[in-house]
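[1] quick one: sequence and predicted model below, then my questions.
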Amino acid sequence: MENRPNGEILVSLVKDSMPFGKYKGTKICDLPIFYLEWFAREGFPKGKLGMQLQTVYEIKLNGLEDILRQLKRTI
């Protein structure tokens with residue numbers, strides 16, 4: 001089985017918004033890295049939101065934000 005990113009997950013990062021907190025209403029892909037770092041230290045929420053936050057954190061941490069920018073242009 002090939003290890004590829006799930007396209008639906010990536011699309012959800014640019015479509016879905018943060019449902020609570022200081023950044024409520026902000027697209028998940030637009031959350032600042034320091035906010036994502038806080039979740040990395042304190043623990044990501046369970047479920048889909050946690051997976052989304054962890055995914056965007058890894059993307060930003062590894063300097064791959066261009067993936068998100070390109071995706072935002074096509075959606």
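    Yep, it's here.
[2] elements contacting the lengthiest helix in the chain?
    Counting by DSSP state H, the longest helix found in the chain is helix 47-61. Helix 47-61 sits against helix 7-15, helix 33-42, helix 65-74, with contacts defined as 3 or more CB pairs under 8 Å, 6 or more residues apart in numbering; DSSP states H and E. Heads up, the C-betas are built off the backbone N, CA and C, glycines and all.
[3] let me see the contact set for the spatially most central residue of the chain.
    Closest to where the C-alpha atoms of the chain average out (CA atoms, centre = their mean) is Val56, at 2.9 Å. Contacts here follow CB atoms under 8 Å, 6 or more residues apart in numbering; on that basis Val56 touches Leu13, Ile28, Cys29, Leu31, Leu36, Leu68.
[4] same deal with Cys29?
    Leu13, Val14, Val56, Leu68, Leu71, Lys72.
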